[in-house]
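Chemist: mind looking at a prediction? Sequence and model below.
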Amino acid sequence: MDGKKVVIGMSGGVDSSVAAWLLKEQGYDVTGVTMQIWQDESEAQQQENGGCCGLGAVEDARRVAWQLGIPYYVMNFKEDFRCAVIDYFAAEYLAGRTPNPCIACNRYVKWESLLKRSLDIGADYIATGHYARVEQLANGRFALRRSATEAKDQTYALYNLTQEQLARTLMPVGAYTKDQIRAIAEQIGLTVAHKPDSQEICFIPDHDYARFIEEYTGVKPQPGHFVDRAGNILGEHRGITHYTVGQRKGLGLAFGHPVFVLEIRPETNEVVLGEAEEVLTDRLVCGPLNWMSVDGLHGKTHQVRAKIRYNHRGADCEIRELDDGMVECRFAEPVRAVMPGQAAVFYDGEYVMGGGTIR
C-alpha cells in the first residue's frame, strides 16, 4: 500500500494506537487525528471527562503518534458533534425514546465529517480502532463483517455507514482479539498498552442522563403518573427522561414484586408499568433502513439474526419490507425490552445485512 494516504482517528486508547502501527507496518502513509468534540468546558472538566474526547486523550494520542513517527493533528468537530449527537440525544429522550449516541457519532462525525475533511487534505482512506472488518462481497457491495473476537465486536454501532464510507474505511484491529492488541502494544512499547477501555457515554461520564438533558436543554422534567395498561394510576414518576423501556430499578415504587417500564408516553407524560412477561414481544418495526450486504429485500422475506441493542446476543427472526419503507421483524422466540430509539441490526451469518431505528 505504498503511497496510499490514510487518516486514522486516534482516541488515545490502545485500539486506535495499535491500528495506527498496523497500518504503518502495512505500508500506508499514516496521519493521526484526534477529533475535538468536547464542548465549552473548563480544562479541569475536560481532564475529568477523559474518555475518547478529553484533553487526556489528546496527550495520549500525541505521545503515541510521536512514538510511531507519524504526523498528528487535532481537528475541531465540536459543532458537528453538538448538532448530530448531543442535540439528537436530548431530543430523543424528551420524545420518550432511548437513543444510541454512539451510532449517530459514528455515522455523522467519525465518518461523514472526518472522511470529508480527510479527503479534502488528500487522504485515500480513513481508519479507526473499531473491532470490525470491512470486506467487499461478490455482489460488489461493501459490508461489515464481525470481528475476530465476539466479546469486543462493534459492528452493531456501525450498521449505519454508507457504501461510500465503507469503501474508504480501514479497520485493522478487527482481525485481532483484545488480548492480542494489548500484547502488540506492549511489544512495541506503547505507553497506552494497559490503558483501561472507556465505557461510558463520553459527554455524560456520571451516567445521569436526566440531569444532563435538563441542564443542556433548559427543559425541566415534569412529574407525571405511573399507569398500568388499563390506565390505572400506580404512582408518581419524576419525569420521562429518568426512564427507559425494560427498566426495573429506580422506580421508587413498592409492589412486593418486580415491575418494569413497558412504554413511555410523552404526549400524556405517563410511564406505563407492567409485569415481567409484558416486557416480552415477538415483533418490532424499524426504519428507515440502511442496507449494507444487500441493496434491499425486493419483496422477499429473509431469515436473519437481529440484535436490538449493543449488548444483545442476537435472536433469530424473519424480516420483510412494509409498504412505507419500514421493515417488520418477527422473532422465533419473544425478546425482552424492545426500546424505541435503539437500532435493530440484521446479520446474515458474520455479515451486517442492514438495520434501522426501532419505531
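Modeler: That came through fine.

Chemist: and residue 15, which of the three is it?
Modeler: helix (DSSP: H, G, I helix; E, B strand; the rest coil).

Chemist: mind pulling up the pLDDT for it?
Modeler: Looking at residue 15, its pLDDT stands at 97.

Chemist: quick check: it touching residue 171?
Modeler: No. Judged on C-beta atoms under 8 Å, residue 15 makes no contact with residue 171 at a distance of 9.9 Å. Placement of C-beta: from N, CA and C, glycine included.

Chemist: quick check: neighbours shared by those two?
Modeler: Counting by C-beta atoms under 8 Å, 6 or more residues apart in numbering, the residues touching both residue 15 and residue 171 are 129-131.

Chemist: would you map the helices across the stretch 101-250 of the chain?
Modeler: Along the stretch 101-250 of the chain, the segments classed as helices by DSSP state H, counting those that start in this stretch run 101-105, 114-120, 163-167, 178-187, 209-217.

Chemist: and the ones you listed, which is most packed in?
Modeler: Compared across these, helix 101-105 shows the largest average neighbour count, a mean of 22 (mean count of other C-beta atoms under 10 Å).

Chemist: of all the helices of the stretch 101-250 of the chain, which one is nearest residue 77?
Modeler: For the helices of the stretch 101-250 of the chain, the distance to residue 77 is smallest for helix 114-120, at 7.3 Å, taking C-beta to C-beta.

Chemist: need the contact partners of the closest one.
Modeler: Contacts of helix 114-120 (C-beta under 8 Å, 6+ apart): 7, 9, 33, 35, 75, 77, 125-126, 165, 168.

Chemist: one more time with 10 Å
Modeler: Residues from elsewhere that reach helix 114-120 (C-beta atoms under 10 Å, 6 or more residues apart in numbering): 5-9, 31, 33, 35, 75-77, 80, 123-128, 161-162, 164-165, 168-169.

Chemist: poorly predicted segments of the stretch 151-300 of the chain, please.
Modeler: Within the stretch 151-300 of the chain, the stretches with pLDDT under 70 are 199-200.

Chemist: mind running it again at 90?
Modeler: Scanning the stretch 151-300 of the chain for pLDDT under 90 picks out the ranges 151, 197-203, 205-207, 254-256.

Chemist: report the buried residues of the longest helix anywhere in the chain.
Modeler: If you go by DSSP state H, the chain has its longest helix at helix 55-68. Within helix 55-68, the residues that count as buried by 16 or more other C-beta atoms under 10 Å are 55-58, 60-65, 67-68.

Chemist: centre of the chain to the helix or strand where residue 87 lies, how far?
Modeler: Element membership of residue 87, judged by DSSP states H and E, is helix 87-94. Relative to the chain's own centre, helix 87-94 is displaced by 15 Å; criterion: C-alpha atoms, centre = their mean, to the nearest Å.

Chemist: who does that helix touch, helix- and strand-wise?
Modeler: If you count contacts as 3 or more C-beta pairs under 10 Å, 6 or more residues apart in numbering; DSSP states H and E, helix 87-94 packs onto helix 101-105, helix 209-217.

Chemist: got a list of contacts for the last one?
Modeler: When contacts are defined by C-beta under 10 Å, 6+ apart, helix 209-217 is touched by residues 39, 82, 86-87, 89-94, 98-99, 201, 203-206, 208, 219-221, 238-244.
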